[in-house]
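Student: I need the structure of the sequence given here:
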Amino acid sequence: MSQRKVALVTGGGTGIGAACCRALADTGMKVIVHCRSSKESAHELAASLAGARVVCADLSEPEQVEGLVEDLRESSDRLDVLVNNAGLNRNGLTVRMRLADYDAVSAITRGTWLLTRLVLRHFMMRAGSGRVINISSVVGHLGNAGQVPYCMAKAGIDGMTRSLAQELVGRNILVNSVAPGLIDTEMTRGMGSDARDSILERVPLQRMGTPEEVAQAVAFLASSGSYIHGSVLHVNGGLHGG
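Tutor: Alright, predicted model coming up:
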């Protein structure tokens, strides 16, 4: 078995996911960059990281999730770290939102659950060790008008973290969440300036965070933090205390 640890980051081609890939590679891990649509940026990122490679799959499609895991099993004898970063946002007031938009957001959460289940079964439980790190969000705790499905999904991710941690007692597999606040990404740049400034006024550090600052927390949980389990680590400049 290869001695170099392997990490899979979903939604790893851009933003927070890409920063997580770089941070994990800096710890010496071999990184697998997952993407759905950002294939070009994912391949550019992987080319800059020693030993990294790209896998593509739509997590909302169970068959593609299963195919992704089969690909991982054929190409590697280990998967030590799973970072569930992929997500989808559909903004709109509840009374105006289409059911299809809600379903699109919730399907990614279902895919995250399925991927985690398969990675645990085929890799981590067999190895007797592993780290699962789920990227949630401050809005899963505070709520945000116009983002009900997204808030539900992110709150659910933290619920999954706490419940799965209890299921894995004695397995030497740690499960935690990292909940970013207002981070400078394509998603937040797409927000209206009034909405963004309204949130920023509530941040005690008086600035947006960076993807790299979220990735620092992920890398810590992936390589250290051996007595942290079932927790939500907030990276939000003081916007929410947890």
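Student: which residue of this protein sits farthest from its center?
Tutor: Relative to the centre of the chain, and counting by C-alpha atoms, centre = their mean, the farthest-placed residue is residue 95 at 28.8 Å.
Student: Three-state assignment for it, please.
Tutor: Going by DSSP: H, G, I helix; E, B strand; the rest coil, the secondary structure assigned to residue 95 is helix.
Student: and it, what does it touch?
Tutor: If you count contacts by C-beta atoms under 8 Å, 6 or more residues apart in numbering, residue 95 has none. Where C-beta positions appear, they are placed from N, C-alpha and C, glycine not excepted.
Student: What does the pLDDT read for it?
Tutor: Note on residue 95: pLDDT of 96.
Student: Would you mind measuring from it to residue 198?
Tutor: Noted for residue 95: a distance of 21 Å to residue 198, by C-beta to C-beta, to the nearest Å.
Student: do the same with residue 133
Tutor: 29 Å.
Student: Could you check which of the two is surrounded by more residues?
Tutor: Taking other C-beta atoms under 10 Å, residue 133 and residue 198 do not tie; residue 133 has more neighbours (27 against 11).
Student: Am I right that the more buried one sits in a helix?
Tutor: No: using three-state DSSP, the assignment for residue 133 is strand, not a helix.
Student: I'd say it and residue 221 touch.
Tutor: Yes: using C-beta atoms under 8 Å, residue 133 makes contact with residue 221 at a distance of 5.2 Å.
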